[in-house]
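need a structure here:
(3 chains, ligands or ions: 6)
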Amino acid sequence: MNIQLKVWRETPGKVEGHFETYEANDLSKDMSFLEMLDTVNEHLTEEGKEPIAFDHDCREGICGMCSSVINGVPHGPDRGVATCQVYMRNFEDGETITVEPFRAKPFPIVRDLVVDRTAFDRIQQAGGYVSVNTGAAPDANALPIAKKDADNAFDAAACIGCGACVAVCKNASAMLFTAAKVSHLSHLPQGQAEKNRRVIRMVQTMDNEGFGNCTNQYECEAACPKQISVQHIARMNRDYAMALLTEAAEV
Amino acid sequence: MIENLMPRLDAKIPEGPLNEKWANYKQNMKLVNPANRRKFDIIIVGSGLAGASAAATLGEMGYNVKCFCFQDSPRRAHSIAAQGGINAAKNYKNDGDSVHRLFYDTIKGGDFRSREANVHRLAEVSVNIIDQCVAQGVPFAREYGGLLDNRSFGGAQVSRTFYARGQTGQQLLLGAYSSLNRQIDAGQVEMFPRSEMLDLVVVDGVAKGIIVRDLVTGEITRHSAHATLLATGGYGNNWYLSTYARGSNATAIWRAHRRGALMANPCYAQIHPTCIPVSGEYQSKLTLMSESLRNDGRVWVPKDRDVAAKLRKKEMHPSQVAEDDRDYYLERKYPSFGNLAPRDISSRAAKEACDDGRGVAPTGLGVYLDFADAINRLGKDTIAERYGNLFDMYHEITGESAYETPMMIFPAIHYTMGGLWVDYNLMSNVPGLFALGEANFSDHGANRLGASALMQGLADGYFVIPYTLGNYIGGEKPEKVSTDAPEFDQVEKEVNDRNEKLISINGKKTVNTFHRELGKILWDYCGMARDKAGLQKAIELIPQLREEFWNDVNVPGDSNDLNQSLERAGRVADFLELGELIARDALGREESCGGHFRSEYQTEDGEAVRNDDEFGYVAAWQWNNGDEAILHKEELEYEEVKMSTRSYK
Amino acid sequence: MDKLLLIFQSSLGRKFIMGITGTALVAFIVIHMIGNLQIFLGPDALNGYAKLLKAKAELLWAFRLGLLGMIGLHLWAAISLAIENRKARPKRYDKEGTIQASYASRTMVMSGLIVISFAIFHILHFTAQVTHPKYHEMKTMYKGEEVHDVYQMVVAGFSNPWISGFYILSVGLLCIHMSHGVSSMFQSLGIMNRNTEPVFKLGAKGLSAVVFLGMAAVPVSVLVGLVGFE
Ligand SMILES: Cc1cc2nc3c(=O)[nH]c(=O)nc-3n(C[C@H](O)[C@H](O)[C@H](O)COP(=O)(O)OP(=O)(O)OC[C@H]3O[C@@H](n4cnc5c(N)ncnc54)[C@H](O)[C@@H]3O)c2cc1C
Ligand code: HEM
Ligand code: HEM
Ligand code: SF4
Ligand code: F3S
Ligand code: FES
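Ligands and ions are numbered 1, 2, ... in the order given. The predicted model follows:
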């Protein structure tokens, strides 16, 4: 199959952002989207041009490194997959595919389709953990956890930190990501001791990083490669409200 | 200078009976006063299970830690991709598991090519790992009663594998990453994402620091430390196509090797039998499908080559092949284990069938894993319940439904048992340089059992290095290590020169082309089955390719930007050197063991033939300035177990 | 105490404000609608009701101030959040896709601002009566007292099809706003979960529809002559 690739090129400080269009011919439908980009890059290199920079690593939908907005939707047309799991059979022969980087102020463009998502790490650093030193843990089965809670925690913990929720949200809000992290630990007994502090600090960091605010449009859950439910956002809202109330009522 | 570092290989195994060695070690080791720890700088390269767990723990202890990874976040290290599970001798199932049994299974699984003392320690600390992870909030699978669930995994007769749906690696790594984050927040660990270690600095024979390239700005920086820990993962991408993440590479360990560290058993690579076959030249990676599929799927190819040819061209549907015309070769050759034969055996059998012209994938490289019988027997719903996710994944990648057409699978490179040589302390022969996780060679011998890599990575990081590093640091002086030494100047200059050189060649072939060619050489001659002639051929071809690379590679862009071509070029350049050593190691090892199968050394029915008398050693290779590497042998002494022949008939 | 300030500073805190004020506004709308529907019971019912509302000036003004406060907070939170949202995406996508966000959810600020503009007109129209000063002179007898003839005013007001049309349109927008807002506030206040979600989502749509019918019934009935003077 043949396609046209309309792709964002930018090197901050050097090349101003703009679209370029490349032809990609004789592609196989069994190719992955990233393999198509590889192929285009091979040609660009051979022509003496600079290849398109894009992030990727595992190429099986788990590391969360791949990004990019394909035809207006982060991670492309399929639901429940990351960019690296998009295959060319999802596109029409002759189609023009528009590829843009994730766009949000807290995700500055590093180059072309590569953006800086370290804001996510900082949100995590603000409390996305249980404070337990190595060696200080009791026996793993000393604390039974209802399967339901463990499963709910897992649903939230499945987040791969890709940032698609921010990219797709009309407000560039990081609520789904932050909520997934908060909700994961909030469902578990291990997470209770630091529950209030965690949610307050993580939300504060999220706000300070410059993400937008959630207006409950639920685009995020649809674009999320792990289909994390917006119920976790409700849960974080609840945890936050409780945290403000209990902390304020403290003697 | 390199010669001075050598030659005696002392594994520094503690005294005493096997099951008391680790306890003895801990009792007698040197300690570092907590108040003094902050005066010691520790560099950790890698943020996978091994690196992140080490960074978090050493940070908690009070050391001054710097941690580096090339991804944009430590959470993305390749450990994230592990699916199946993690072993631990908890014996929660009361099915007779014990530290000793886990130890024995690992030794046996490794085909008696690993170090007893290390493996025993691994089995001992395995139980603490699970406790630690649960305390961090890792959502392992649970039973309705609220207790942890276990599954069984290949090579073991007990249920000792803990898992978190199909993402055990991600959940464990997120646990370690969260502890790491806590230390970053506390100022104990400084994290450097998108930073690649490009060389090791050795001063007077001691590792003193590293040279790092900031992958975004291209800036080259020096970092010094009292100890440098490499937790940089495996080098399976040397074969180009593998189940590894695309970025996984050997640069850190290879650069360390070039600075004097020994590379041990580089030819031991594990090949996983159930991966989705290659679909074309453009293929960039191979996706692993859980081995559990082999519980219900039957592996076959047609008996007849012409039939296979028709199937390849899709002129015929597999269901049209009569039962009698099918060769269920695993069931035929290994009647008692059948489709569940161990990884190396099933992989080789698939290769043989395809070499025989009976492969069924369009490329000729693929065999069927057929669920038709299971669907008839159990119903489609049961199969969907068991393997629905995997069938979906298969459909996503291939566009085919495994409910209707048999799945196609083919083996792929999956894990490298070889790595930097380390002693019992996980320290290489270069003082101050440690290797953890898949980057070292230590625990899996010639073959790794499923669910043991995660265990090893976390054991090294959480429970071994905090002690053994302390033992080393206890003998060091706290004075800051300067980055002004002439060695730093020299190494930094070499790094810069190399990058500039790569960019200035301006040749015609892309980095990827070279990588693919290298991978093909290794896969053809040093893959699932190896022989002398092929290995010699590889040893001849790889240097030629390397030569061509340095004359004709095309690396666009410049070095002071994000330049992914340059990153890859540096890694491929190192693979081109390591690749040769892999072949050389395989050539030297004239026996078949674990993941290393030499066609010359097999029984009549194709079983591996080990040679314990002549090859019961660890092959530790010393860099020889580009000339043929020098072999050092660490003889493996088995006190506890007797080397015996593996049999899965 | 500084934790409580977070209600005004943090994103989630301001969402709580939106949710709580939104709830109050919805409650007002529903009561107002029920009040308005008394028009169908005849002039006395409506006029009596109107008189009752204004019986105690202090109460009336307290209520008005409260309402104003709610609207003010709602508006302030909405706008301050919206400004940040704008800033969070300085460069828009060239090709923008929407997967599942409802039309209502994407136009909350717009529908809200139009509704508030409508409300201002509406108050000038019926409460302050500055648009039609002669409404002021409409008086009638209720239980032996002279009272303002709200019934006549409403009928007169809605006899103008333009005004009626504008009311119906605005009420429509209000209901679009509420169709998202009412379920949204449960999400914002953390009451939503897997079980309650369908109930709240359906409930929001149902309530909005009822409010639309109830509110629009008045101008429509006047226009078609169902309500008027015998
Ligand atoms: C698909 C798949 C499934 C698997 N499933 C299982 C399983 O079920 N059970 C099991 O036990 N094992 C499994 N394994 C194996 C296991 O995942 C790995 O062996 C293990 O995770 C390796 O961990 P590590 O910490 O040593 O290295 P990695 O996780 O590979 O981490 C390497 C780190 O080093 C960094 N790095 C590398 N080079 C440099 C450099 N030059 N400069 C800076 N940073 C660098 C990287 O950024 C990364 O952070 C699986 C492997 C694969 C491929
Ligand atoms: C079409 C339906 C409506 C009718 C018939 C209607 C009728 C009235 C009348 C008659 C009054 C004046 C009462 C008096 O002064 O005696 C009034 C007041 C008011 N209405 Fe409405 N209204 C309608 C819709 C709305 C809507 C949609 C809103 C909100 C957006 C609204 C908000 C108000 C407010 C804020 C007041 C002032 C209350 C006060 O006195 O403080 N109304 N309405
Ligand atoms: C009488 C009028 C109004 C009523 C009954 C009303 C009701 C509501 C409700 C119930 C919500 C949901 C709150 C939440 O998400 O927690 C809401 C949200 C909102 N309202 Fe209003 N509102 C009114 C007026 C306005 C006005 C005047 C604006 C002006 C800008 C406005 C803008 C918004 C916005 C932007 C939201 C956010 C949407 C969201 O968070 O989902 N509203 N409104
Ligand atoms: S919540 Fe989903 S979309 Fe957002 S970062 Fe996590 S995985 Fe990606
Ligand atoms: S799309 Fe955005 S508005 Fe909220 S529900 Fe998701 S963050
Ligand atoms: S490359 Fe890892 S998730 Fe896509």
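
all strands of the stretch 1-150 of chain A, in order?
For the stretch 1-150 of chain A, strands defined by DSSP state E, counting those that start in this stretch occupy the ranges A:3-11, A:15-24, A:69-70, A:73-74, A:96-100, A:109-111, A:114-115.

what does the first one contact?
The set of residues external to strand A:3-11 that reach it, using C-beta atoms under 8 Å, 6 or more residues apart in numbering or on different chains, is A:15-24, A:27, A:36-37, A:40, A:52, A:88, A:91, A:93-101, A:109, A:111-113, B:561, C:94. No exception for glycine: its C-beta is placed from N, CA and C like everyone else's.

hmm, 6 Å instead?
Here strand A:3-11 makes contact (C-beta atoms under 6 Å, 6 or more residues apart in numbering or on different chains) with A:17, A:19-24, A:52, A:95-101, A:109, A:111-112.

how far away from the center of its chain is it?
21 Å (C-alpha atoms, centre = their mean, to the nearest Å).

and the residue of the stretch 101-250 of chain A closest to ligand 1?
For the stretch 101-250 of chain A, the residue closest to ligand 1 is A:Asp121, as judged by C-beta to the nearest ligand atom, at 13.3 Å.

how close does the nearest residue to that residue once chain neighbours are set aside get to A:Gly64?
Among residues not flanking A:Asp121 along the chain, B:Ser73 sits closest, at 5.3 Å (C-beta to C-beta, 6 or more residues apart in numbering or on different chains). From B:Ser73 across to A:Gly64, the span is 8 Å (C-beta to C-beta, to the nearest Å).

the more surrounded of these two?
Neighbours were counted for B:Ser73 and for A:Gly64 using other C-beta atoms under 10 Å in any protein chain shown; A:Gly64 has more, 28 against 21.

burial measure for the closest residue in space to that one that isn't next to it in sequence, as a count.
Closest residue to A:Gly64 apart from its sequence neighbours, by C-beta to C-beta, 6+ apart: A:Ile160 at 3.5 Å. Residues lying near A:Ile160 (other C-beta under 10 Å) number 26.

in a helix, A:Ile160, correct?
No. Applying DSSP: H, G, I helix; E, B strand; the rest coil, one finds A:Ile160 to be coil, outside a helix.

so where's chain C uncertain?
The model of chain C has pLDDT under 70 over residues C:1, C:230.

middle-most residue in it, spatially?
Nearest to the geometric centre of chain C sits C:Ile29, at 4.9 Å (C-alpha atoms, centre = their mean).

distance-wise, check that residue relative to C:Leu12.
25 Å.

what sits against the residue of the stretch 201-350 of chain B found nearest ligand 3?
At 36.2 Å from ligand 3, B:Val216 is the closest residue in the stretch 201-350 of chain B, using C-beta to the nearest ligand atom. Shown in contact with B:Val216 (C-beta under 6 Å, 6+ apart): A:110, B:194, B:562.

swap in B:Glu124?
Contact analysis of B:Glu124 by C-beta under 6 Å, 6+ apart lists B:22, B:99.

that one in helix, strand or coil?
Of the three states, B:Glu124 takes helix under three-state DSSP.

B:Gly475: neighbouring residues, count only.
Counted with other C-beta under 10 Å, B:Gly475 comes out at 9.

residue contacts, it?
Each residue near B:Gly475 by C-beta under 6 Å, 6+ apart is listed here: B:Lys30.

right, and the helix or strand after the helix ranked longest in chain C?
Across chain C, the longest stretch assigned as helix under DSSP state H is helix C:57-88. Remark: after helix C:57-88, the chain's next helix or strand is helix C:103-106, criterion DSSP states H and E.

which residue does chain C bring closest to ligand 6?
Of all residues in chain C, C:Ile99 sits closest to ligand 6, at 19.0 Å by C-beta to the nearest ligand atom.

thinking again about what came up before, can I get the buried ones among the contacts of strand A:3-11 as something I can paste into ChimeraX?
Buried subset of the contacts of strand A:3-11, written as a ChimeraX selection, criterion 16 or more other C-beta atoms under 10 Å in any protein chain shown:
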select /A:22,24,52,97,98,99,100,101,109,111,112
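
any idea how far C:Ile176 lies from C:Lys201?
To C:Lys201, C:Ile176 is 15 Å away according to C-beta to C-beta.

which of the two has more neighbours?
A count of neighbours by other C-beta under 10 Å puts C:Ile176 above the other of C:Ile176 and C:Lys201, at 22 against 19.

for that one, which non-adjacent residue is closest in space?
Closest residue to C:Ile176 apart from its sequence neighbours, by C-beta to C-beta, 6+ apart: C:Ala104 at 4.8 Å.

quick one: the helix or strand of chain A with the lowest mean pLDDT to chain centroid distance?
One helix or strand of chain A scores below all others by mean pLDDT, DSSP states H and E: helix A:231-249, with a mean of 93. Relative to the chain's own centre, helix A:231-249 is displaced by 23 Å; criterion: C-alpha atoms, centre = their mean.

for chain C, what spans make up the helices?
Applying DSSP H to chain C gives helices spanning C:2-9, C:11-37, C:43-53, C:57-88, C:103-106, C:108-122, C:150-159, C:161-188, C:196-224.

and the fourth one, what's buried?
Going back to what we said before, that points to helix C:57-88. C:70-71, C:73-75, C:77-78, C:81-82, C:84-85, C:88.

one more: stretch B:601-611?
Under the neighbour-count criterion of 16+ other C-beta under 10 Å, stretch B:601-611 has B:601, B:606-608, B:610 buried.

and it, what's its mean pLDDT?
Averaged across stretch B:601-611, pLDDT comes to 88.

can I get that stretch in PDB, CA atoms only?
Written as PDB, here are the backbone C-alpha positions of stretch B:601-611 (Å, rounded to 0.1, in the frame of the first residue of the first chain):
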ATOM      1  CA  TYR B 601      27.600 -32.500  20.200                       C
ATOM      2  CA  GLN B 602      24.300 -34.300  20.300                       C
ATOM      3  CA  THR B 603      23.000 -37.800  20.800                       C
ATOM      4  CA  GLU B 604      21.500 -39.700  18.000                       C
ATOM      5  CA  ASP B 605      18.100 -38.400  18.800                       C
ATOM      6  CA  GLY B 606      19.200 -34.900  18.900                       C
ATOM      7  CA  GLU B 607      19.800 -34.400  22.600                       C
ATOM      8  CA  ALA B 608      22.500 -32.000  23.800                       C
ATOM      9  CA  VAL B 609      25.700 -33.600  25.000                       C
ATOM     10  CA  ARG B 610      27.500 -31.700  27.700                       C
ATOM     11  CA  ASN B 611      31.100 -32.200  28.500                       C
END
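
now tell me what touches it from outside.
Contacts for stretch B:601-611 (C-beta under 6 Å, 6+ apart): B:591-593, B:597.

buried subset of those residues, written for ChimeraX?
Restricted to buried positions by 16+ other C-beta under 10 Å, the ChimeraX selection for the contacts of stretch B:601-611 reads:
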select /B:591,592,593,597
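
that older thread, I'd say the residue nearest to C:Ile176 and C:Met178 touch.
No. Assessed by C-beta atoms under 6 Å, C:Ala104 is found out of contact with C:Met178, at 8.5 Å.
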